[in-house]
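Asks: Sequence and predicted structure are below.
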Amino acid sequence: MIDDLLAQFIAESRELLVEAQADLLALERAPDDTARIHRLFRSIHTVKGSSCLFDIPPVTRVLHAGEDLFQAVRERGLGLTPEMVDAALSALDLAARWIDALERNGALPAAAAGLAADAATRLRGYFDAPAETAAKAGAVAAPAAASAPAALAEGFDAPTSQHAGALHLIIYRPAESCFFRGEDPLYLALQTPGLAALSCAWASACAPLQAFDPYHCNLVFHLVSEAPLPELQAHLRYVAQDSIVSLLPPGSFSAATARHLPEPVHDLLRFSADMLRQPAPAAEQPGRLASARQVSANALRSAGLGDAASALAEAAAAEALADAIDAVLAAAAPAALAGPDCAAPQPEAAPAEAAPSEAAPPEAIGVRKILRVDQEKFDLLMNLVGELIVAKNSLPYLARRADEHYGARALGREINDQYGVIDRIVQELQGAVMAVRMMPVGQVFQRFPRLVRDLARKLGKQVDLVITGEATEADKNVIESLFDPLLHMVRNSLDHGIEPPDEREAGGKPRTATLTLAARQDGDQAVVEIIDDGRGIDPEVIKRKAYERGLIDEARLNSITDQEAAMLIFAAGFSTAERVSDVSGRGVGMDVVRAAVEKAGGAISLSSAVHLGTTLRLSLPLSMAVTRVMTVRLGERLFGIPMDAVLETVKLPRDKITRIKSAEAFVLREAIVPLCHLSSLLALPEDDAPADEVAVLVVRVAGQLVGLGISAFGEVMEVILKPLDGALSRITGYCGTCLLGDGRVLLVLDLKGLIA
Amino acid sequence: MIERAGGTIRLTGSCTVEDAETLFNQVLEGAEAIDVSGCSFLHTACLQVLLAARLRLTGTPADPALARWVAPFLQAPILHARFQTEN
């Protein structure tokens, strides 16, 4: 039993950790992508934050270290090295593993605490922090050294301004439960060294007074301090995760947000107005006035309100300037607020609770609603649609019976009309259900950047992974069946296809290889290609190896084409690796890949050119839920044959059949095609009265054309194929069963199992 | 300490985290003003109740830090803000 909160945490954390991993990998390639680093930081921050709700300190600890590392990257411009990425990735893995364990066992493994400590130490080692406390203080963010806004600093109250150093803005949002931990945020704020301004606001929309909870901290403090950064960090070390220190650069007040004053600008303005209204010795008055005017004007200009700034310049007296500032504040901040009794949330404040965890750009208000549905419920829906299709298919039988058996032709026609209507609705329903099951291929692809990166590092190769067409959609089952074969093929490309950098350079190629994962939709197939620009497959080497391993005989060795030879890598027991590495090359692999792909109803092909690279192409059905089969009759029995194997139907006169010893063959467009009789394959009695013609279904089995002799062709239909299970699962030669409209069971043949 | 004098709630001496509930209950019972002149220490929880109550405040806190930094924004309407991690 896990409670809902934990289940939600697990699901959310998984998603965020996956996102974080993708962002981290992207950052390694493009370290300047600030949007990524922000998102990465936020993902980890969110998971870490929610992890505090549960008794899983190792997770919190590891993520905290990761968060601190990324904060250092984000705000101190710490460069990400591959080693740091390694460490961070394995920390994310640890967290992900523990979250899995949490779901399975409701607890973390016993060794977690030790592992967490190691991982955290490793991570903290990357941002020069001699001790744990210093590391924590580091989390308070050393801002990137932007040019100190001298004008702003000058503007501050002369007596408190010991030095014309930089000003720091501290945004401190105490945890909601902080009172229960004995914290007193106001006290901490008041004790801030070099305090130059303080303001306080609701962190999220305030509840009506009746529902107000005095012990639920809902405040955010804005502080401006003149103290140097290390001192601030030391001061805030215990609330490092709740506070952000940033330098106050004028450029950071984006003009884009000028319609509502940015909070720092607002705070500075109010600070200035407050200061002006406070009694001061006459000697200080002119200085105060000048500095307040300058601070306010600078702040306004930085917020893109240049005209308001010039208006302030006209105010001569302290009181007049204070009033002018108040006027600006009143005009620019209509959101001004909001005690408990006017709790109507401002639109921009609506997702306030979620604000720390979400990017929540203003335009994201009309978010698409996404429903998470248990897959079991969905499978049930899918089965019901399948049964509906079967039930629907019985109507034409009924119509025929009405006509033939009861002589009610008119009724039969009406049933057929109704059938048309129901058929259309069922088809739409089926389409809709299938559409829900469709998933973008990107779901599988997103796991590869990490894999490729790790493998390439392990193998000492340089690889750029290019992913295209990740939006291509296919059925969930298809997508899920795709991962293992892809993984194997990518490993193979990295291990065998792509050369080490030096070898590439010697061959006149760029040191960094390109590995492309490309997906596209081609008719009712999803095609996925794995393209590398490595050394390619040398057919001569393959032929020799295949011969040595006894996979082909001497005759075949001499007749085999290069293309066919390349396909030999899919034969069982074939491995061309000079040495066995732990990446690939144990001689199992490509044949397993082929088997898996074929099991999913797909096909695999390969093209390769020596020194230029290899392209592996997987084609998979878009959907596995509905199979198109052709029914064939053998005597009185009906069988189904998957349509993707059927090439054509031929009526073959008996005299065109050539006997070659015990085998039969016929000529189809100048090619000899072997002929098998389905009856003998299934060990069923032959047709009693052999006709002059044999109905032959030309099918492709394992790449070879075969003619399949049957009694008569039936129709093509879409069926929901049910695999043989239970006691039947051992029976070979059938890939499954389905129900026909008249209630009969149709056996669908597995031609490969029958013929090969 | 939270004291009551007619329509006025008086904050005297240290107003601790425990006092926040008393203060809140006093506010709920209805009051016209809050006198902060005797206040030498104000816990955040009490501060929050003062901000939520939106009652007229009288006097200036005895503590200089409170007088300098907290009194001004206690008087002014509080701004609704959102905490943004990324800024």
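Replies: Yes, it's here. Residues are numbered from 1 along each chain as shown, chains lettered A, B, ... in the order given.
Asks: most centrally placed residue in chain B?
Replies: Centroid check for chain B by CA atoms, centre = their mean gives B:Leu50 as the closest residue, at 3.5 Å.
Asks: Could you measure from that residue over to chain A?
Replies: 10 Å (CB to the nearest CB, to the nearest Å). C-betas here are computed from N, CA, C, even on glycine.
Asks: wait, isn't that residue in contact with B:Ala31?
Replies: No. If you go by CB atoms under 8 Å, B:Leu50 and B:Ala31 don't touch, sitting 11.5 Å apart.
Asks: where does the stretch 351-500 of chain A have low pLDDT?
Replies: Low-confidence segments of the stretch 351-500 of chain A (pLDDT under 70): A:351-369.
Asks: repeat that for 80
Replies: Residues of the stretch 351-500 of chain A meeting the criterion pLDDT under 80: A:351-375, A:379, A:383, A:386-387, A:390, A:393, A:477.
Asks: my guess is the residue nearest to the centre of chain B is in a helix, correct?
Replies: Yes. Counting by DSSP: H, G, I helix; E, B strand; the rest coil, B:Leu50 is located in a helix.
Asks: Can you check the pLDDT for it?
Replies: Among the per-residue scores, B:Leu50 holds a pLDDT of 85.
Asks: list the contacts for it?
Replies: By CB atoms under 8 Å, 6 or more residues apart in numbering or on different chains, the contact list for B:Leu50 reads B:Leu23, B:Ile34, B:Val36, B:Leu42, B:Leu57, B:Leu74.
Asks: nearest spatial neighbour of the fourth one, skipping sequence neighbours?
Replies: Closest residue to B:Leu42 in three dimensions, ignoring its sequence neighbours and counting by CB to CB, 6 or more residues apart in numbering or on different chains: B:Cys15, at 5.2 Å.
Asks: In contact with the one you found, which residues?
Replies: By CB under 8 Å, 6+ apart, B:Cys15 lies in contact with B:Met1, B:Ile2, B:Leu23, B:Cys39, B:Phe41, B:Leu42, B:His43, B:Cys46.
Asks: make it 7 Å
Replies: By CB atoms under 7 Å, 6 or more residues apart in numbering or on different chains, the contact set of B:Cys15 is B:Met1, B:Ile2, B:Cys39, B:Phe41, B:Leu42, B:His43, B:Cys46.
Asks: gap between the third one and chain A?
Replies: Taken as CB to the nearest CB, the spacing of B:Cys39 relative to chain A amounts to 12 Å.
Asks: again, but for the first one
Replies: Applying CB to the nearest CB, the value for B:Met1 to chain A is 16 Å.
Asks: Disregarding flanking residues, what is the spatial nearest neighbour of that residue?
Replies: Closest to B:Met1 by CB to CB, 6+ apart is B:Thr12, at 4.7 Å.
Asks: Any idea what the one you found is bridged to?
Replies: Taking DSSP bridges as the rule, B:Thr12 bridges to B:Gly38.
Asks: Check it and give its pLDDT.
Replies: On the pLDDT scale, B:Thr12 is placed at 87.
Asks: Was I right to think it contacts B:Glu3?
Replies: Yes. Here B:Thr12 reaches B:Glu3: they are 6.0 Å apart, a contact under CB atoms under 7 Å.
Asks: coming back round to it: might you report the residue contacts of the residue nearest to B:Met1?
Replies: Per CB under 7 Å, 6+ apart, neighbours of B:Thr12: B:Met1, B:Glu3, B:Gly38, B:Cys39.
Asks: Could I have the CA atoms of the helix or strand where A:Asp591 lies written out in CSV?
Replies: In this assignment (DSSP states H and E), A:Asp591 forms part of helix A:590-599. Provided in CSV are the C-alpha atoms of helix A:590-599 (Å, rounded to 0.1, in the frame of the first residue of the first chain):
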residue,chain,number,x,y,z
MET,A,590,21.8,-9.1,-34.1
ASP,A,591,19.9,-12.3,-34.5
VAL,A,592,18.1,-11.5,-31.3
VAL,A,593,17.3,-8.1,-32.7
ARG,A,594,15.9,-9.6,-35.8
ALA,A,595,13.8,-12.0,-33.8
ALA,A,596,12.4,-9.3,-31.6
VAL,A,597,11.6,-7.0,-34.5
GLU,A,598,9.9,-9.8,-36.4
LYS,A,599,7.9,-10.8,-33.4
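Asks: Please identify the residue of the stretch 651-756 of chain A positioned nearest to chain B.
Replies: A:Ile720 (49.0 Å; CB to the nearest CB).
Asks: how about the nearest residue to that residue, chain neighbours excluded?
Replies: Excluding its sequence neighbours, the residue lying closest to A:Ile720 (CB to CB, 6+ apart) is A:Gly386, at 3.5 Å.
Asks: so the one you found sits in a strand?
Replies: No. Counting by three-state DSSP, A:Gly386 is not found in a strand; it is helix.
Asks: From chain B, how far out is it?
Replies: Distance of A:Gly386 to chain B, computed by CB to the nearest CB: 48 Å.
Asks: Burial check on that residue, number of neighbours?
Replies: For A:Gly386, the neighbour count with other CB atoms under 10 Å in any protein chain shown is 20.
Asks: Look up phi and psi at A:Gly194.
Replies: A:Gly194 adopts backbone torsions of phi 70, psi 30, taken as degrees, to the nearest 10.
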